[in-house]
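> predicted structure and sequence below. I'll ask about it afterward.
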Protein chains: 2
Amino acid sequence: MTKQTIRLLMPQWQGGNNPNYSFGAELLAWLAPDNDQPLIHVPVQAYDGTPLENENGTYGRKQLLEQLTAAHHIISAHKPDRIVMFGGDCLVEQAPFAYLNERYSGELGLVWIDAHSDLARIVGYDYGHTLPLGNLLGEGDEEFAKHVKIPLKPENVFLAGLEAPTEQDTEIIRRLGIKTAGTQELMKSTESIKDWIKQSNIKHLAIHLDLDVLDPTAFRSLLFANPELPYDFSAAGTMQMSGLLNLIKELSEETDVVGLGITEHMPWDSINLKKLLGEIPILNK
Amino acid sequence: MTKQTIRLLMPQWQGGNNPNYSFGAELLAWLAPDNDQPLIHVPVQAYDGTPLENENGTYGRKQLLEQLTAAHHIISAHKPDRIVMFGGDCLVEQAPFAYLNERYSGELGLVWIDAHSDLARIVGYDYGHTLPLGNLLGEGDEEFAKHVKIPLKPENVFLAGLEAPTEQDTEIIRRLGIKTAGTQELMKSTESIKDWIKQSNIKHLAIHLDLDVLDPTAFRSLLFANPELPYDFSAAGTMQMSGLLNLIKELSEETDVVGLGITEHMPWDSINLKKLLGEIPILNK
């Protein structure tokens, strides 16, 4: 039987408190190759100028929980075998991967391709997109984590491309026994990640791709690469596009990829050009 | 009576012999604000892997002349009062501006916002996009120029943002008496260009915008800003987005803008991301 794949477009911005994530999601979906996979929009409260409230350590907690629930409802309506998610901030990954872990009896494998671990709250940075992986493991934020019916097994998770882990990251990774490999290691050889797939007997794999794993001088459509505002809150990625594609292809050959989420697309040039075009008189009369 | 405005999408790439111009045109049109202006596609021979022939000093001369003719036919079919052109390489500007100069009795004003003059052939660089302005003035390349029924008056042309003019540029600009102002001057004050509009009694103005007038560190979707291949064949622009918008707005207040062409959009990140998505197995089955 053919497996049913759906594409979700979830232009969520509240998880990073930056409305540009919404446009990044739209452009990402537009760039994807056409095929017969249906593209389903997950309703997201659009930015209307109202600042998000910091509720119990997370900006926009209420909206994020509502949108998480909406994503679950849409997925439950379709009951797909495979999900592609176009984000949006990283927190969009929670609903599809929680569903897929149920769908595959709690045995889902997950490769988290990201410059950051997304495992835990970061002191002084109260944004929901810092902990989707924590939530998926049944840790993270209690209110979000309780929407994950079957938490992923830590031994079924692999962090790929993590840069400059914090002490907190290191503590959680050790405590849970999560496997990791940095970009430099992976670009030399993907053996460690392929060995993990074999040894853990991963039959169904989800791939999270936070585009910030890429070197921001090679791919500039990232929060880190705002031409108007240098950003140095956290470490930037170092992966090249060719190495990333190779990694995804090898994972796809090694096992059955049933989930792919792409997040944190922030296409500055298109954002700025769209703004410019939106104000040119002859284009607006 | 309401003036009729049409939008043309002309994904021409042969004028710069770089197929990426086609995708740049598509994305540009997608970014433009929606309104009731019809978007009409000018047929362009898509890149199929065949290298262009250098015919009498211009790569793809045959295709470029065919496409120029197609653009003229489409414009003649609609007989608009105003034209917006989404390119494509700079040579896409020839047909709409030649038409508008006829439409406004040979009195069209033209502001050429560009880091380059586009007035003449450049030795050792046999591409059609180096001379659309020359063609529009009845100079340039004879085979192209003969499609301009009424050449623009040199005194009705203003070069804005020209960087490092060549000796050849300087000779033509002096000989024809074309007014110019560099980015630095224009960012301090737009008086010179507004004075020119008044003194030349410009009632109808076309604006050419080659995005390469922009500073490539602020806007990276330019030939100059290929993350994989440094380019230093010609001078880069220095204008910022805010100054560019201000200039276009001031021109639009000063006179009736009846033409706008935007060219040379080369969105590297979207090009590279589209390629990546196009090869990811789960997105292609």
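Noted; the coordinates are in hand. What you see is a predicted model, and the numbers here were worked out from it, not measured in a lab.

> who touches the residue of the stretch 101-250 of chain A found nearest chain B in this structure?
As assessed by CB to the nearest CB, chain B sits closest to residue A:221 within the stretch 101-250 of chain A, at 4.2 Å. Bear in mind the C-beta positions are built from the backbone N, C-alpha and C, glycine included. Counting by CB atoms under 8 Å, 6 or more residues apart in numbering or on different chains, residue A:221 makes contact with A:24, A:211, A:265-270, B:269-270, B:273.

> swap in 7 Å and give it another go.
A:265-268, B:269 (CB atoms under 7 Å, 6 or more residues apart in numbering or on different chains).

> so how far is residue A:211 from it?
Using CB to CB, to the nearest Å, residue A:221 is found at 7 Å from residue A:211.

> hey, what's in contact with both of these two?
residue A:265.

> circling back: which of the contacts of residue A:221 count as buried?
Burial by neighbour count, 16 or more other CB atoms under 10 Å in any protein chain shown: within these this picks out A:265-268, B:269.

> can you put the residues you listed in JSON lines and add secondary structure?
Below are the buried ones among the contacts of residue A:221 laid out as JSON lines (DSSP: H, G, I helix; E, B strand; the rest coil):
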{"residue": "A:265", "secondary structure": "coil"}
{"residue": "A:266", "secondary structure": "coil"}
{"residue": "A:267", "secondary structure": "coil"}
{"residue": "A:268", "secondary structure": "helix"}
{"residue": "B:269", "secondary structure": "helix"}
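
> residues from chain A in reach of chain B?
A:27, A:30-33, A:35, A:82, A:84, A:217-221, A:227, A:241, A:244-245, A:248-249, A:252, A:257, A:260, A:267, A:269-270, A:272-274, A:276-284 (CB under 7 Å from any CB of the partner chain).

> quick check, pLDDT for residue A:70.
Here, the pLDDT recorded for residue A:70 equals 98.

> quick one, what contacts it?
Per CB under 7 Å, 6+ apart, neighbours of residue A:70: A:42-43.

> that one: which element?
According to DSSP states H and E, residue A:70 maps onto helix A:61-78.

> now do that helix: distance to the chain's middle.
16 Å (CA atoms, centre = their mean, to the nearest Å).

> would you mark the buried spots in it?
A:61, A:63-65, A:67-68, A:70-72, A:74-75.

> counting by contacts, list what the helix or strand following it packs against.
Going down the chain from helix A:61-78, the next helix or strand is strand A:82-87, by DSSP H and E. In terms of contacts (3 or more CB pairs under 7 Å, 6 or more residues apart in numbering or on different chains; DSSP states H and E), strand A:82-87 is packed against strand A:5-10, helix A:20-31, helix A:94-103, strand A:256-263.

> out of these, the one nearest residue B:231 is which?
helix A:20-31 (23.7 Å; CB to CB).

> contacting residues for the most centrally placed residue in chain A?
By CA atoms, centre = their mean, chain A has its centre lying nearest to residue A:90, at 3.7 Å. Contacts for residue A:90 (CB under 7 Å, 6+ apart) come out as A:15, A:118, A:129, A:132, A:210, A:263-264.
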